[in-house]
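S.K.: what follows is a predicted structure for the sequence shown.
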Amino acid sequence: GLLQSAMFAGGLSRQYLVLIRSTYLNKPTIKSLLPECVVLMRAGLTCILMTSRPKPQSRPAVVYTPKVDVQIVSLGTHKPSWIAGGQVRAAEHIQLMAEVDGVVIDINPIATPGALLEPGQWLAQLKQDSYKFALIQQQSAVIQAESELALEHGRQQLAQEELVLADEKLTISNQALVLREPQIAAAKAELNKARAHLQQAQLDLINTRITMPFRGKIIERTIGHRSRISSTTPLFELINVDRFWLEVKVPRHFIQWLDTQALATLHQPSIWGNQSRQARILQIRPDVDSSDRQAKVVLEIEDPLALENTNLPKLFVNDFVEVTLPGKALTNSANVATKALLNNNQVWVVNEKKQLELRELSISFRGRNHIIVQQSLAHGEQIVTSRLPSANAGMAVEISKTTQEHLQPYSQPLTQSQSRSQPMTQVTTRNE
């Protein structure tokens, strides 16, 4: 059977195959022909395989259209902002000291750490005996000085009468001496000095009662009953609770955009949740931080302990809070995600033909996650935000996801004309 297949593949006819079978298979030389048969069989199999293999079929070329995510441009009024963090500190934090020396004989029972006291409320009382005696002495000194001045006026009156009776003409200087004007001036000076000493004695007596200089809370008390104090002895450590200060660091380039007339927003998500507070931008410090060369902005927080408005979250000294600093508004601008940028100032724009167009941007403000662009994009244009490994101008694309930036509205409302024409959004950049 193998020999038959081989001979058929070599183009031999069936009759020739029968002749070979009858001629050679019955002869004693069959063994000598076996190698030739094997060669013929291999050649036949090779021909069969070559002629029966499938031929490759041509396929039509497939055009690959990449899918991209786009952001729709929305022109309007945008306000950049910067998120930073800072530590709260008291605007007034003092060591209260007495203005006179003495011994503490009484302390207000509520004058304990954490107590809230109003301005003028008493804290401690010093022994007054010596100051009362000093007051009496100064009162006597004033009376004596007044009497001496009255006597001098009487002497002057007598001298003036004698001068008239003598009918003598004197020089101005001699006349002043005769009329005892130097003695009267000295008596007046002594009276003024006695009155000043009296006022000082009265003030010292008043200062034996230690009072609150402002509305505040006691941090620490360092005296007790019978404590002997001087004018340099710290008595109480106090803070003013009407306002606290907060200092944050911002990059130098944001200072030009900082809106010092607007209010900053404070957040403390781990404690306040979704609540927030506002702070007034007080000043921009003239120095920069020595470690990272950033500018420093000082904020003022009214009613930090929420004593007046109990609905506000409370702020304590040394709290660390997140601050959103407002920037100045940019009209007729677009907010673009920084992930869409190419070469730092270019983006891919999908035109009406669904083809890519490379656009160079005029960037007004550059933040960490967003930029604000003016005079570079039209309202409604589509910017590619997904990464394309290889792209060129004119390449066709398919839009898979469309987004539009919806940022937190700014806290201050627009004017009526602005609200009808353009939306206002806030671009937030986080400081690290």
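M.R.: Perfect, thanks for sending it.

S.K.: name the element Trp245 belongs to?
M.R.: strand 243-250 (DSSP states H and E).

S.K.: mind listing what whatever helix or strand comes next after that strand pairs with, with the direction of each?
M.R.: Toward the C-terminus, strand 243-250 is succeeded by strand 263-267 as the next helix or strand (DSSP H and E). With DSSP bridges as the test, strand 263-267 is paired with strand 276-288 (antiparallel), strand 320-326 (antiparallel).

S.K.: next, the angle strand 243-250 makes with the longest one.
M.R.: Looking back up the chat, that one is strand 276-288. Counting by axes from the mean of the first three to the mean of the last three Cα atoms, to 10 degrees, strand 276-288 lies at 60 degrees to strand 243-250.

S.K.: C-terminal to strand 276-288, what's the next element?
M.R.: Downstream of strand 276-288 (by DSSP H and E), the next one is strand 295-302.

S.K.: centre of the chain to that next one, how far?
M.R.: 9 Å (Cα atoms, centre = their mean, to the nearest Å).

S.K.: in the stretch 1-150 of the chain, which segments are predicted with low confidence?
M.R.: 1-34, 36, 49-50, 53-63 (pLDDT under 70).

S.K.: pull the longest helix from the protein.
M.R.: helix 129-166 (DSSP state H).

S.K.: now do that one: which elements does it pack against?
M.R.: helix 172-178, helix 181-206 (3 or more Cβ pairs under 8 Å, 6 or more residues apart in numbering; DSSP states H and E). From N, CA and C alone the C-beta is placed, and that goes for glycine too.

S.K.: export those helices to a markdown table and tack on mean pLDDT?
M.R.: Shown next, in a markdown table, are the helices and strands packed on helix 129-166 (pLDDT from 0 to 100):
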| stretch | mean pLDDT |
| --- | --- |
| helix 172-178 | 70 |
| helix 181-206 | 93 |
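
S.K.: which residues touch Lys401?
M.R.: 69-70, 386 (Cβ atoms under 8 Å, 6 or more residues apart in numbering).

S.K.: most surrounded residue in these?
M.R.: Neighbour tally across these (other Cβ atoms under 10 Å): the maximum, 22 neighbours, falls on Val70.

S.K.: if I've got this straight, that one is in a helix?
M.R.: No. Going by DSSP: H, G, I helix; E, B strand; the rest coil, the assignment for Val70 is strand, not a helix.

S.K.: bridge partners for Ser81, pull those for me.
M.R.: Applying DSSP bridges to Ser81 yields these beta-bridge partners: Pro326, Thr428.

S.K.: quick one: it from Arg252, how far?
M.R.: Counting by Cβ to Cβ, to the nearest Å, the gap from Ser81 to Arg252 is 16 Å.

S.K.: in stretch 113-121, what's buried?
M.R.: 115, 117 (16 or more other Cβ atoms under 10 Å).

S.K.: ignore the last one, stretch 292-305
M.R.: Buried residues in stretch 292-305 (16+ other Cβ under 10 Å): 294-301, 303-305.

S.K.: please name the nearest non-neighbouring residue to Pro113.
M.R.: Ile218 (5.4 Å; Cβ to Cβ, 6 or more residues apart in numbering).

S.K.: for the one you found, what are its contacts?
M.R.: Ile218 touches 111-115, 117, 236-238, counting by Cβ under 8 Å, 6+ apart.

S.K.: mind running it again at 7 Å?
M.R.: 111-115, 236, 238 (Cβ atoms under 7 Å, 6 or more residues apart in numbering).

S.K.: want to throw the residues you listed into TSV with distance to Leu358?
M.R.: Formatted as TSV, the contacts of Ile218 follow (distance: Cβ to Cβ, whole Å):
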residue	distance to Leu358
Ala111	72
Thr112	71
Pro113	66
Gly114	64
Ala115	68
Phe236	69
Leu238	64
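
S.K.: closest to Gln128 out of the residues you listed?
M.R.: Ala111 (18.7 Å; Cβ to Cβ).

S.K.: that closest one and Gly102, how far apart?
M.R.: 17 Å.

S.K.: more neighbours, these two?
M.R.: Neighbours were tallied for Ala111 and for Gly102 using other Cβ under 10 Å; the higher tally belongs to Gly102 (22 against 19).

S.K.: who's that one bridged to?
M.R.: Ile229.

S.K.: distance check, it against Leu361.
M.R.: 73 Å.

S.K.: likewise Leu177?
M.R.: Distance from Leu177 to Leu361, by Cβ to Cβ: 93 Å.

S.K.: so these two - more neighbours on which side?
M.R.: Comparing Leu177 with Leu361 by other Cβ under 10 Å, the one with more neighbours is Leu361, at 21 against 13.

S.K.: helix or strand: which one has the nearest residue to the more buried one once chain neighbours are set aside?
M.R.: Nearest residue to Leu361 in three dimensions, chain neighbours excluded: Ser376, at 4.4 Å (Cβ to Cβ, 6+ apart). Counting by DSSP H and E, no helix or strand carries Ser376.

S.K.: in contact with Ser376, which residues?
M.R.: Contacts of Ser376 by Cβ under 7 Å, 6+ apart are 359, 361-362.

S.K.: out of these, flag the one nearest to Ser140.
M.R.: Looking across these and measuring by Cβ to Cβ, the closest to Ser140 is Ser362, at 84.8 Å.

S.K.: wouldn't the closest one be in contact with Ile371 here?
M.R.: No. Using Cβ atoms under 7 Å, Ser362 is not in contact with Ile371, being 10.4 Å away.

S.K.: ok, those two, which is more surrounded?
M.R.: Comparing Ser362 with Ile371 by other Cβ under 10 Å, the one with more neighbours is Ile371, at 24 against 11.

S.K.: for the helix or strand hosting the more buried one, give me every contacting residue.
M.R.: Element membership for Ile371 (DSSP H and E) is strand 370-374. Contact with strand 370-374 is made by 78, 80, 330, 332-338, 361-365, 427, as judged by Cβ under 7 Å, 6+ apart.

S.K.: which of those residues has the most neighbours?
M.R.: His78 (30 neighbours).

S.K.: what about that residue, distance to Lys328?
M.R.: From His78 to Lys328 the distance is 10 Å (Cβ to Cβ).

S.K.: got it, and Leu45?
M.R.: From Leu45 to Lys328 the distance is 87 Å (Cβ to Cβ).

S.K.: repeat that for Asp292.
M.R.: 24 Å.

S.K.: check Gln156 too.
M.R.: 74 Å.

S.K.: with Phe320 instead?
M.R.: 27 Å.
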